[in-house]
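Trainee: quick check, what structure comes out for this input:
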Amino acid sequence: MKYPEIVSLIPHRKAMLFADRIISVEEKTGTVECIVKKDNIFLRADGTLSPEIYCEMIAQGFGACEAYRRIQKGLTIDGGGYLASLRDVEVYSCGKSGDILTVKTEKAEECFSTHIVRGEVFRGDEKLGAATVYIFMWKNGEIPQTL
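Mentor: Next up is the predicted model:
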């Protein structure tokens, strides 16, 4: 399956774009690839990746897959979103420059404009980290009003 380029699906650009390509998209799950480039702003002096980036990779992976799902349904991807909260963050190991990471996401729930997503980050078969991320999203360019 040929998927659109990530940059056509999410608003992130270099230095904050970490997702490189979609590998697969299903109804509630998605998988993206993230290549850790030598100019990654989350690389530490020792060449290892600061693990808090895993949460952003999960959010970007979900955002790209969700945008693709909307396109497939004939819906607009006008709007936006942001990573609003984190839960159950787990870190097992740090990636490093040159690594090709696989990020798997699964939409657990949607409550109003917030998507609750469980994600995992892998280097090959090794799980590097996982988290539940809460992503606030709006559609059609209009941020929903809150009380």
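Trainee: tell me if I'm right that E110 and Y134 touch.
Mentor: No - applying CB atoms under 8 Å as the test, E110 and Y134 come out as separate, 10.7 Å apart. Where you see a C-beta, it was placed from the backbone N, CA and C, and this is true even at glycine.
Trainee: those two - which one has more neighbours?
Mentor: With neighbours defined as other CB atoms under 10 Å, E110 and Y134 compare such that Y134 has more, 17 against 12.
Trainee: ok, the more buried one - contacts?
Mentor: When contacts are counted by CB atoms under 8 Å, 6 or more residues apart in numbering, Y134 is found next to L83, A84, S85, L86, R87, T114, H115, I116, V117.
Trainee: okay, now the residue lying closest to it once chain neighbours are set aside: neighbour count?
Mentor: The shortest distance from Y134 to any non-neighbouring residue, by CB to CB, 6 or more residues apart in numbering, is to S85 (4.0 Å). Residues contacting S85 under the criterion other CB under 10 Å number 12.
Trainee: same check on the one 10 residues further on?
Mentor: Residues contacting G95 under the criterion other CB under 10 Å number 27.
Trainee: what's the spacing between the nearest residue to it once chain neighbours are set aside and I10?
Mentor: Nearest-residue entry for G95: L49, 4.0 Å, with adjacent residues in sequence omitted and distances by CB to CB, 6+ apart. Look at L49 and I10: by CB to CB, to the nearest Å, they are 20 Å apart.
Trainee: rewinding a little: quick check: the residue nearest to Y134 touching A131?
Mentor: No - S85 lies out of contact with A131 (CB under 8 Å); the separation is 10.3 Å.
Trainee: and the nearest residue to E5 once chain neighbours are set aside, what does it touch?
Mentor: Spatial nearest neighbour of E5, excluding adjacent residues (CB to CB, 6+ apart): R21 at 7.6 Å. Neighbour list for R21: Y3, E5, I6, V32, E33 [criterion: CB under 8 Å, 6+ apart].
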